[in-house]
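Asks: give me coordinates for this.
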Amino acid sequence: MASLVQLNLFDVARQNLRAVQMALEQIMPEKASDLLKKILQPESLTWEIQVLEFLQNHPVPLDLDEGCRQWAEFRSASFYPLIPAYSAKEIQKGYFRRLLSEDGAPRGHLLTPGGHSLGHLNLMADYPEKARRCLEEELYRCGEKPSTRLQLANANYRTGEDAAAKVHVREALLQGWDRLDLESIPDPPLLQALRGADDPQWAVAEACIEGNLPVARFPSRSEYAESPIDQRLSEDLEQPLPTAVAKKQRQFYRCLVASVNRRWMDPGRLIQARLRMKELHPRLHARHMNSLEAKTR
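Replies: All right, here's what the predicted structure looks like:
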């Protein structure tokens, strides 16, 4: 009987603790404070009291930029690493949902006055559909940024659009994005392939050749000829080899696209593109050509 009583007490204590944690995850400090009174040994808590004190001293602001600054302060606090991953993610979701609910930004704006992406804020709030729409519009209206591409990839992954997500990851990496970590590359197998590349500086090109990242394919000659890739390739082939590795890799990718879309290419120009690939990276050129031969057998 004594053991049964102890078990019941343990279950109640666990339920009370979880109730406090849920209130914190939902950014409800007043409720968490009331629930904390039911905790028999509050000194045994590892992060909950410190998070509660932060939320009590830092109410979610009305201004989005101030909210982002405050979130950065929260992330840099000494107690933050103590928060379990699940709770940290829920706190992030709860915080940004509360922040966006107070959003006073005019309709049609994609960036806050301080330059924060509304698409990214919606992604932080776990509104992936809305984030995707905002980020697609931001990419169209504000131009290319690796961060925009990676955020859009994240939104696509969360909405089950894995193929589109990998296109955005590829474009981000080709622009020179080098933060190969779980936060920015939300695809563990792809991340593993990039980190395991034979030549780390050419990891993106290698991933494209190995099929871990998609290579752009065009359904017709006219669509390929009108693409920015073909236009840039024409410029590439008239210029000497670039010296920077990032520029070499981007040019290699354009040559790879030409080779993959060979049926739309003039034979002479296709040869030029493949020779340029060989100049840029002989080993990856050979691997690509061997893969083409294997497919024709």
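
Asks: now the helices for the stretch 51-200 of the chain?
Replies: Taking DSSP state H, counting those that start in this stretch as the test, the helices found in the stretch 51-200 of the chain are 64-75, 85-101, 118-124, 128-142, 146-158, 162-174, 188-195.

Asks: what's the shortest one in contact with?
Replies: The set of residues that contact helix 118-124 without belonging to it, under Cβ atoms under 8 Å, 6 or more residues apart in numbering, is 64, 68, 92-93, 96, 99-100, 105, 109-112, 128, 130-135, 137-138, 147-148, 151-152, 154-155, 158. Backbone N, C-alpha and C define where each C-beta goes, glycine included.

Asks: mind listing what's buried along that helix?
Replies: For helix 118-124, a neighbour-count test (16 or more other Cβ atoms under 10 Å) marks 118, 119, 120, 121, 122, 123, 124 as buried.

Asks: can you tell me what sits against stretch 65-81?
Replies: In this structure, residues lying in contact with stretch 65-81 by Cβ under 8 Å, 6+ apart are 47, 50-51, 54, 58, 60-61, 88, 92, 95-96, 99, 112-114, 116, 121.

Asks: same question, stretch 215-229
Replies: For stretch 215-229, the external contacting residues (Cβ under 8 Å, 6+ apart) are 208, 230, 253, 254, 256, 257, 258, 260, 261, 264, 265.

Asks: ends of it, what's the gap?
Replies: Using Cα to Cα, to the nearest Å, one end of stretch 215-229 lies 12 Å from the other.

Asks: list the buried residues in that stretch.
Replies: Within stretch 215-229, the residues scored as buried using 16+ other Cβ under 10 Å are 216, 218, 224, 227, 229.

Asks: in the stretch 151-297 of the chain, what spans have low per-residue confidence?
Replies: Applying pLDDT under 70 to the stretch 151-297 of the chain flags residues 177-183, 296-297.

Asks: that older thread, can you say which of the contacts of stretch 65-81 are buried?
Replies: Neighbour-count burial (16+ other Cβ under 10 Å) is assigned, among the contacts of stretch 65-81, to 47, 50-51, 54, 60, 88, 92, 95-96, 99, 112, 116, 121.

Asks: per-residue confidence averaged over stretch 39-57?
Replies: Rounded to a whole number, the mean pLDDT of stretch 39-57 is 91.

Asks: residues in contact with it?
Replies: By Cβ under 8 Å, 6+ apart, the list of residues contacting stretch 39-57 from outside reads 13, 16-17, 20-21, 24, 27, 29, 32-33, 36, 74, 77, 79, 82-83, 91.

Asks: of the residues you listed, buried ones?
Replies: Buried by 16+ other Cβ under 10 Å: 16-17, 20-21, 24, 27, 29, 32-33, 36, 74, 83, 91, out of the contacts of stretch 39-57.

Asks: run a quick check on residue 210 versus residue 193, I expect a contact.
Replies: Yes - judged on Cβ atoms under 8 Å, residue 210 makes contact with residue 193 at a distance of 6.8 Å.

Asks: which one's more surrounded, these two?
Replies: Comparing residue 210 with residue 193 by neighbour count (other Cβ atoms under 10 Å), the higher total belongs to residue 193, at 17 against 14.

Asks: any idea how far the residue lying closest to that one once chain neighbours are set aside is from residue 187?
Replies: In this structure, residue 193 finds its nearest non-sequential neighbour in residue 212, 4.3 Å apart by Cβ to Cβ, 6 or more residues apart in numbering. The spacing between residue 212 and residue 187, counted by Cβ to Cβ, to the nearest Å, is 9 Å.

Asks: on that earlier part again, between residue 210 and residue 193, what contacts are shared?
Replies: Contact criterion Cβ under 8 Å, 6+ apart; no residue bridges residue 210 and residue 193 by contacting each.

Asks: how far out from the middle of the chain is stretch 124-144?
Replies: 12 Å (Cα atoms, centre = their mean, to the nearest Å).

Asks: list the buried residues for it?
Replies: By 16+ other Cβ under 10 Å, the buried positions in stretch 124-144 come out as 124, 125, 127, 128, 130, 131, 132, 134, 135, 136, 138, 139.

Asks: then stretch 278-297?
Replies: Using 16+ other Cβ under 10 Å as the test for burial, stretch 278-297 gives 278, 280, 281, 284, 285, 288.

Asks: surely the third one meets residue 202?
Replies: In this case it means residue 281. Yes - assessed by Cβ under 8 Å, residue 281 is found in contact with residue 202 at 6.1 Å.

Asks: right, I'll call it a day here.
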